[in-house]
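1. Mind looking at a prediction? Sequence and model below.
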Amino acid sequence: MTNAQLASIQWGAFLSVVFLAPQLLFRRLTFRGATVTVYASMLFSATFLPMQTVAPRQSVQLVPFQWVADTIRDGQIAFDQMTLNVLLFVPLGAMLMAWGRRSIGQTALIGYGVSLVVEGSQLLWANRIFDVDDLISNTTGTALGWLGALAVVKVHARAKVAPQPRRTLAGVR
């Protein structure tokens, strides 16, 4: 993990506290509200902080799966970046499945839309690269989050329905 990525995580934690404090002080904090606040803070920090002061040499990358060639050329850092992009959107997919009761197609489309807004904003305001691979990996992360949440819901439902063995006072069935 690079120093910039660590700084983004620290900023995300700081912003989470800043935005959670008023919720704690002025109204009852809900699990859903806290989860969305922490996720939004981390998403903002990971995608915009620290701000780049110098524009990149390349502002748009439109070649799908360029990260594969970048990994071969540059080593592990391109693969790690792609993996982190996937992981960054997994919580969005899980929240949309659990709370929004959306289909996987709707969830992937929302993940794509959020990713498109993030990528466009990065290009316009943060001096970062608009990367089609980020759109692909973020959308994939959203879909994986939906699938993971679905698996958890199914396992939990099965555990609730599973018959429990009867026990007698003597401990014999």
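-> Nice, I can see it.
2. how does this structure divide up, domain by domain?
-> 1-51, 60-160 (automatic domain parsing).
3. Surely Lys154 is in a helix?
-> Yes. Counting by DSSP: H, G, I helix; E, B strand; the rest coil, Lys154 is part of a helix.
4. Can you tell me how far it is from Leu144?
-> According to C-beta to C-beta, to the nearest Å, Lys154 stands 16 Å off from Leu144. Glycine gets a C-beta too; all of them are placed from N, C-alpha and C.
5. same deal with Ala78?
-> For Ala78, the distance to Leu144 - C-beta to C-beta - is 20 Å.
6. do Asn85 as well
-> With C-beta to C-beta as the criterion, Asn85 and Leu144 are 12 Å apart.
7. Please apply the same query to Ser41.
-> Noted for Ser41: a distance of 22 Å to Leu144, by C-beta to C-beta.
8. With Met51 instead?
-> 29 Å.
9. Give me the more crowded residue out of these two.
-> Leu144 (18 against 9; other C-beta atoms under 10 Å).
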